[in-house]
Each structure stands twice: as structure tokens, then as C-alpha cells.
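Participant: predicted model and sequence follow; I will ask about them next.
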Amino acid sequence: MRVVAGLLCASLAVFCSAQAQAQNYPTKPIRILVPYAPGGFVDVAARIISQKLQERLGQQVIVENRSGGNGFIGTTAGAKAAPDGYTLLTAHTGEFAVSPAVFKDIPFDLERDFETITLVSIAPMLVAVNVKSPIQSIPDLIAAAKAKPNTIGMGTPGTASINHLAGEWFADAAGVKFLHVPYKGGAPAGVAVAAGEVPMGIMAISSVLAQIQAGRVKPLAVTTAKRSPQFKDWPTLQEAGNLKDVDASIWTGLFAPKGTPKPILDKLHAEMVAILAMPDVREKFAQGGAETGGTSAADFVAMIRREAATYKAIVEKANIKPE
């Protein structure tokens with residue numbers, strides 16, 4: 001009995017300590033690691049939420065870019081950080097849904113190395129063409145690809161990127177083959193489409209929106225199952241091409257190192273849900289074609305698992321290899 005009582009007392013002490021830690025949290029600055037360079041989709045998301053977290057928590061929240069290695073450098077740093085709530089990670093679809101399907105050995109695992117806090121933002125990608133192209137619709141694009149298999153160039157931000165996989169998903173559903181043309185980032189791919197260097201691109205809305213607004217690029221369809229609330233005139237691939245199975249999005253999420261105390265995770269989740277519901281935050285994400293998240297950790301993990309299985313099948317069928 002004394003042993004049992006001792007164990008119960010020890011467990012209670014640990015619980016009370018964790019609760020007290022969460023009540024006082026944070027007592028020093030928080031870092032949010034971004035595994036990409038400044039200015040991109042993930043970096044913008046991190047900077048939007050960091051500002052609001054700083055205002056609400058009363059401590060400095062610093063965005064630290066750790067780019068390189070397909071996002072592996074920054075993500076690995078997040079996995080190895082102390083699990084105390086003072087180092088967080090903002091990552092996107094590539095790290096946890098795409099990379100496991102493409103790379104045999106990656107130095108991190110979502111469920112082994114991280115605690116999931118919430119989905120931050122989610123957006124469709126866009127199938128777009130040069131405004132002067134003879135291809136002016138998804139049926140036009142499919143017909144051209146069927147007439148000349150593996151010759152219609154498909155620009156993306158890189159081999160094995162989420163954009164590349166979305167394009168292969170589209171091609172498979174349509175029964176065609178595109179010629180993949182990888183660029184070093186979304187902005188160069190958008191410029192290439194605008195210049196007519198490549199006939200078509202699969203890109204994040206945020207990376208090509210300026211080209212669309214300038215009248216140089218025409219959007220043909222979004223890659224998700226539903227239309228973008230911000231750009232309601234753009235049809236889905238399902239609507240424009242009768243491609244019922246295609247539903248590819250790009251998202252960002254907030255994570256903490258494995259072992260971060262649950263009371264701290266709960267506090268961060270509650271703060272994020274409140275932040276992502278703010279009208280000004282929703283508007284900032286909407287400017288890039290994204291919607292805010294705020295899901296439970298369990299729902300977010302389930303979504304990532306489904307996507308990882310889908311992209312694994314796409315990678316295997318298209319025989320995609322990392323560069």
C-alpha cells in the first residue's frame with residue numbers, strides 16, 4: 001500500500017507541476033522554426049500567427065528560418081528541440097505528407113518526433129496557363145495532352161514537390177501524360193508561365209496571383225474538391241474536367257517537439273483557435289487564397305495520414321524519384 005500511495009503522490013506531483021508550468025507559460029521568448037526561406041507560403045503563415053501569439057501571450061515570439069534540404073534541416077531541428085514549449089515548428093504538406101512518400105530515409109517522423117497542435121491554413125493549388133496560350137480551358141489542356149503525350153510542359157516549384165504530385169494526380173485522373181518542368185520555387189515557375197516559357201503550371205495561388213492580376217496568366221481550375229471562397233469564379237478540376245477524384249491542397253500546421261507537456265499544448269491550441277478565428281487573420285490568409293484552420297490535433301493527424309497514403313500511391317504509380 002505504501003508503494004502504491006507513493007506512486008500516486010509522485011504522479012500527482014508531476015501533474016500539479018505540469019499544470020503550474022502551463023499556467024505560468026510562457027516566461028521567456030518562443031521560437032517558431034520555419035524550414036524554408038523568408039517570404040514563402042510557410043514563412044508568411046508563421047509570421048501572421050507569431051505576431052498574434054506575441055500579443056496574447058505577452059512574450060516575444062521569434063520566427064527563425066532554417067531552410068535547406070527540402071525542409072529537412074529546419075524540421076529536424078524542431079524534432080530535436082527541448083520539449084518545453086519554447087521551440088515550435090511551422091511546417092507544410094511537404095514535410096509530413098509528401099516526403100515520407102518520396103524519400104526512403106528521412107530524419108524525422110510526425111508521430112514519433114512531434115506533438116501536433118493544429119492546422120493553421122489550407123489552400124488549393126492552381127492549374128494556370130499563359131493568357132495568350134491556345135489552351136484556354138481544362139478540356140483544351142486535356143485534349144492537347146492526349147494529342148501529344150508527354151510534350152505539354154507542366155511547370156512546378158520542383159521535383160517531388162506537392163505541386164508536382166498534384167499535377168501527376170491530375171494527369172492520372174485525366175488519362176494523360178504531361179512533361180514535368182521543375183523550377184527552383186513557385187515564383188520562378190509563375191514567371192515561366194507568364195513568359196510563355198512553359199505552357200502550364202501547377203502552383204500555389206499566392207505564388208502566381210500577381211501574374212494573374214497583371215493579366216499575364218489565366219487560371220483554369222483549382223486542385224481541390226471545392227472552390228476557393230476567395231476566388232469563387234475559378235472552377236475545380238472536378239467541375240472543369242469531370243475529374244472526380246482530384247483533391248490536392250497545400251496546408252501549414254503548428255507542431256511542438258514530442259514530449260511537450262499536455263497543458264502547454266492545450267494552451268497553445270486554445271490560443272491558436274482564437275487567433276485563427278480573428279477576422280483580420282482570416283483576411284490576411286485569404287489574400288493568398290488560403291482559409292484558416294483551428295482543427296483538433298487528432299483531426300489534423302488523421303488528415304495528414306490520409307494525404308500521406310494518397311501521395312504514396314501517386315509517387316509509386318508515376319515513379320517519381322527525388323533529385
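Facilitator: Good, I have the coordinates.

Participant: so which residues of the stretch 1-150 of the chain form strands?
Facilitator: Here the stretch 1-150 of the chain has its strands, by DSSP state E, counting those that start in this stretch, at 30-34, 61-65, 87-92, 114-130.

Participant: before we move on, what about the stretch 201-323 of the chain?
Facilitator: Under DSSP E, counting those that start in this stretch, the stretch 201-323 of the chain gives strands at 217-222, 249-257, 291-292.

Participant: hmm, back to that, can you lay out the strands of the stretch 1-150 of the chain as CSV showing mean neighbour count and distance to Ala248?
Facilitator: All C-beta atoms are positioned from the backbone trio N, CA, C, and that covers glycine. Below are the strands of the stretch 1-150 of the chain laid out as CSV (neighbours: other CB atoms under 10 Å; distance: least, CB to CB, whole Å):
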stretch, mean neighbour count, distance to Ala248
strand 30-34, 23, 22
strand 61-65, 16, 26
strand 87-92, 26, 13
strand 114-130, 25, 6
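
Participant: can you say which of these is nearest to Arg227?
Facilitator: strand 114-130 (8.3 Å; CB to CB).

Participant: I'd like the strands of the stretch 1-150 of the chain written out as a markdown table, with mean pLDDT added.
Facilitator: What follows is the strands of the stretch 1-150 of the chain, written out as a markdown table (pLDDT from 0 to 100):
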| stretch | mean pLDDT |
| --- | --- |
| strand 30-34 | 98 |
| strand 61-65 | 98 |
| strand 87-92 | 98 |
| strand 114-130 | 98 |
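
Participant: thinking again about what came up before, winner for burial among the strands of the stretch 201-323 of the chain?
Facilitator: Mean neighbour count (mean count of other CB atoms under 10 Å) peaks for strand 249-257 among the strands of the stretch 201-323 of the chain, with a mean of 25.

Participant: angle of it against strand 114-130?
Facilitator: Taking axes from the mean of the first three to the mean of the last three CA atoms, to 10 degrees, one finds strand 249-257 and strand 114-130 inclined to each other by 160 degrees.

Participant: circling back to that earlier point, out of the strands of the stretch 1-150 of the chain, which comes closest to Thr224?
Facilitator: That would be strand 114-130 among those, by CB to CB, at 3.9 Å.

Participant: sheet partners, orientation included, of the closest one?
Facilitator: If you go by DSSP bridges, strand 114-130 pairs up with strand 200-204 (antiparallel), strand 217-222 (antiparallel), strand 249-257 (antiparallel), strand 291-292 (antiparallel).

Participant: which of these sits closest to Gln136?
Facilitator: Closest of the strands paired with strand 114-130 to Gln136 is strand 217-222, at 7.0 Å (criterion: CB to CB).

Participant: roughly how far is the closest one from the heart of the chain?
Facilitator: Here the centre of strand 217-222 is set off from its chain's centre by 20 Å, with CA atoms, centre = their mean, to the nearest Å.

Participant: dump it to PDB, restricted to CA.
Facilitator: Provided in PDB are the C-alpha atoms of strand 217-222 (Å, rounded to 0.1, in the frame of the first residue of the first chain):
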ATOM      1  CA  VAL A 217      -1.600  34.300 -66.500                       C
ATOM      2  CA  LYS A 218      -5.000  32.700 -66.700                       C
ATOM      3  CA  PRO A 219      -6.300  30.400 -64.000                       C
ATOM      4  CA  LEU A 220      -8.100  27.300 -65.400                       C
ATOM      5  CA  ALA A 221      -9.000  25.400 -62.200                       C
ATOM      6  CA  VAL A 222      -8.200  24.800 -58.600                       C
END
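
Participant: residues making contact with that strand?
Facilitator: 124-131, 133, 135-138, 141, 190, 193-194, 200, 205, 208, 211-212, 228, 231, 234-237, 239-241 (CB atoms under 8 Å, 6 or more residues apart in numbering).

Participant: buried subset of those as a PyMOL selection?
Facilitator: Those of the contacts of strand 217-222 that count as buried under 16 or more other CB atoms under 10 Å are selected in PyMOL with:
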select buried, resi 124+125+126+127+128+129+130+131+133+135+138+141+190+193+194+200+205+208+211+212+228+231+234+235+236+237+239+240+241
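
Participant: perfect, that will be all.
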